[in-house]
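K.L.:
only geometry, no sequence info:
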């Protein structure tokens, strides 16, 4: 059991769209990622997903609207809801989701990544 | 589904040691609280608990050592581990834990609080 620093974790990697696992709480994973550009449309069949903006901002595109998240904002995307994160500039996010959650959900493509444990 | 702001949530209440539920992800709760002073020694039988410091700092006292968490630091306290948060000045924290988690764990006393949904 040791404390870590979010800033040090973010400073430790450059790769965008690569989830980094910072902690596990029972069956739930807490991950961070740097994102920039457009992700892929996807949904998660059985997993809700919470996004918290640590630095910067991004648009969470939904099929019927777009929600812009600024620093300190958070949003829960319920299971089944199609979404696509889009960041104009690099944005640092935290995600809380079941450990089973794949970043691209129901889609498997070149953006699909297993999380890297910090 | 709507975004919210952590700062606005923290600005919306004054009560210390009162968990506020800001989101649920499957069976996991994300809560925030303002803490100041000494909490009660407790543990959680079956629940891991992640603490993230949003503002300020606090000491997580364990039976064999104390871990000081500054702003942006995080720590997972595994189930079964006795702990006691102590904050010299008001500190704002976020917690990720199973929704079943009671703030005082195995102890029931005047500090025991059900979370307030934000």
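P.N.:
Noted; the coordinates are in hand. These figures come from a predicted structure and were not determined experimentally.
K.L.:
so what does the helix or strand of chain A with the lowest mean pLDDT touch, helix or strand wise?
P.N.:
Scoring the helices and strands of chain A by mean pLDDT, DSSP states H and E places strand A:116-117 at the bottom, with a mean of 96. Secondary-structure packing of strand A:116-117 (3 or more Cβ pairs under 8 Å, 6 or more residues apart in numbering or on different chains; DSSP states H and E): strand A:20-25. For every residue, glycine as well, the C-beta is placed using N, CA and C.
K.L.:
Could you check the angle the helix or strand just after the strand it packs on makes with strand B:20-25?
P.N.:
The helix or strand immediately downstream of strand A:20-25 is strand A:28-38, counting by DSSP states H and E. For strand A:28-38 against strand B:20-25, the angle by axes from the mean of the first three to the mean of the last three Cα atoms, to 10 degrees is 80 degrees.
K.L.:
And the helices in chain A?
P.N.:
A:6-11 (DSSP state H).
K.L.:
so where's the longest strand in it?
P.N.:
strand A:83-98 (DSSP state E).
K.L.:
How far does it sit from its chain's centre?
P.N.:
In this view, strand A:83-98 has its centroid 4 Å away from the chain centroid, taken as Cα atoms, centre = their mean, to the nearest Å.
K.L.:
How about stretch A:7-14?
P.N.:
Worked out by Cα atoms, centre = their mean, stretch A:7-14 lies 15 Å from the chain centre.
K.L.:
for stretch A:80-97, same thing?
P.N.:
That offset, for stretch A:80-97, works out to 5 Å (Cα atoms, centre = their mean).
K.L.:
hang on, the earlier thing: the least confident helix or strand of chain A pairs with which strands, parallel or anti?
P.N.:
Using DSSP bridges, strand A:116-117 pairs in its sheet with strand A:20-25 (parallel).
K.L.:
buried stuff in the partner strand?
P.N.:
For strand A:20-25, a neighbour-count test (16 or more other Cβ atoms under 10 Å in any protein chain shown) marks A:20-25 as buried.
K.L.:
and if you look at stretch A:53-72?
P.N.:
Here stretch A:53-72 shows A:53-54, A:56, A:58-61, A:67, A:69, A:72 as buried, counting by 16+ other Cβ under 10 Å.
K.L.:
For the residue nearest to the spatial centre of chain A, give me its contacts.
P.N.:
The centroid of chain A falls nearest to residue A:95 when counting by Cα atoms, centre = their mean (4.7 Å). By Cβ atoms under 8 Å, 6 or more residues apart in numbering or on different chains, the contact list for residue A:95 reads A:19, A:29-33, A:49-52.
K.L.:
what's around the residue nearest to residue A:100 when sequence neighbours are not counted, how many residues?
P.N.:
Once flanking residues are discounted, residue A:100 sits nearest to residue A:47: 6.5 Å by Cβ to Cβ, 6 or more residues apart in numbering or on different chains. Neighbours of residue A:47 under the rule other Cβ atoms under 10 Å in any protein chain shown: 21.
K.L.:
Quick one: name the residues of chain A near chain B.
P.N.:
A:1-7, A:22-28, A:30, A:46-50, A:52, A:60, A:62, A:67-70, A:72-79, A:81, A:96-98 (Cβ under 8 Å from any Cβ of the partner chain).
K.L.:
residues in contact with residue A:1?
P.N.:
B:62, B:67, B:75-78, B:81.
K.L.:
That one and residue A:15: what is the separation?
P.N.:
27 Å (Cβ to Cβ, to the nearest Å).
K.L.:
on that earlier part again, dump the contacts of residue A:95 into CSV; add pLDDT as well.
P.N.:
Below are those laid out as CSV (pLDDT from 0 to 100):
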residue, pLDDT
A:19, 97
A:29, 98
A:30, 98
A:31, 98
A:32, 98
A:33, 98
A:49, 98
A:50, 98
A:51, 98
A:52, 98
